[in-house]
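Novice: no sequence for this one, just the structure:
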């Protein structure tokens, strides 16, 4: 499922307008939970899109933010300052020459080809000791996804870098109004401490079930006029 167009064609101004509204709505529920637990003073978003998540972190007192995404992101679509945005191919090694309190990467990693996922996770793991990560699961619709995997697949990649998975956020937001189902379904917390992590269940949100079960919209019947 999903659009197979190249990302630069798919991620246009209309997409980032929609993505920004969705992300900001969900972030207004999630960000206060994250700030209350970790009190980050710096946040990096790998696959930031319009920067909506970082915009909401700023509203909660986090002044040091950096967003990273493909160079196809139009500057006018950004909800953060242009100087806070780094244009970068997420499938290539990323080195920002610093560490942050928190790294997030939400609903972006599945756009990177599977053979480059190891590089992406390695880049994210080097950025912060605390990571919020979520990516599309198999058969999840939407966008030119190249690598839809269950959360356990990603957890194994993070484990190689000493990160343990905690299914902390999903129970808190699973049925919260305002949180879109893809964030509620996929977002896992990873902590860099080397300890054994939790099993991450391959859950499917009712919102996804409703979307894939929805009958396709059929084109209207053509009406033929007879004399």
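Specialist: Here it is on my side, so go on. As the structure is a computational prediction, the values presented were derived from the model and not from experiment.

Novice: Give the next helix or strand downstream of the lowest-mean-pLDDT helix or strand in the chain.
Specialist: Scoring the helices and strands of the chain by mean pLDDT, DSSP states H and E places helix 7-10 at the bottom, with a mean of 59. Downstream of helix 7-10, the first helix or strand assigned by DSSP states H and E is helix 13-38.

Novice: So which elements touch whatever helix or strand comes next after that following helix?
Specialist: Using DSSP H and E, the helix or strand that follows helix 13-38 in sequence is strand 42-46. For strand 42-46, the elements it packs on are helix 52-59, strand 64-69, strand 102-106, helix 117-125, judged by 3 or more Cβ pairs under 8 Å, 6 or more residues apart in numbering; DSSP states H and E. For glycine as for every other residue, the C-beta is placed from the backbone atoms N, C-alpha and C.

Novice: rerun at 10 Å
Specialist: Judged by 3 or more Cβ pairs under 10 Å, 6 or more residues apart in numbering; DSSP states H and E, the packing partners of strand 42-46 are helix 13-38, helix 52-59, strand 64-69, strand 85-87, strand 102-106, helix 117-125, strand 130-134.

Novice: Can you tell me which of the ones you listed is nearest to residue 208?
Specialist: Residue 208 sits nearest to strand 130-134 of all the helices and strands packed on strand 42-46, at 12.9 Å, using Cβ to Cβ.

Novice: Average pLDDT for the closest one, rounded please.
Specialist: For strand 130-134, mean pLDDT is 98.

Novice: so residue 203 makes contact with residue 186?
Specialist: Yes: if you go by Cβ atoms under 10 Å, residue 203 and residue 186 touch, sitting 8.8 Å apart.

Novice: and for these two, which residues touch both?
Specialist: Taking Cβ atoms under 10 Å, 6 or more residues apart in numbering as the criterion, residue 203 and residue 186 both touch 137, 150, 151, 170.

Novice: Please pick the buried ones from these.
Specialist: Among the shared contacts of residue 203 and residue 186, those scoring as buried are 137, 151, 170 (criterion: 16 or more other Cβ atoms under 10 Å).

Novice: Residue 158: neighbour count?
Specialist: Applying other Cβ atoms under 10 Å, we find 22 residues neighbouring residue 158.

Novice: If we go by neighbour counts, what in the helix or strand encompassing it is buried?
Specialist: Residue 158 is located in helix 151-159, with elements delineated by DSSP H and E. By 16+ other Cβ under 10 Å, the buried positions in helix 151-159 come out as 151, 153, 154, 155, 157, 158, 159.

Novice: Pick out the most distant pair among those.
Specialist: 151 and 159 (12.1 Å).

Novice: quick one, what contacts residue 156?
Specialist: Contact partners of residue 156, counting by Cβ under 10 Å, 6+ apart, are 121, 149, 165, 197, 200.
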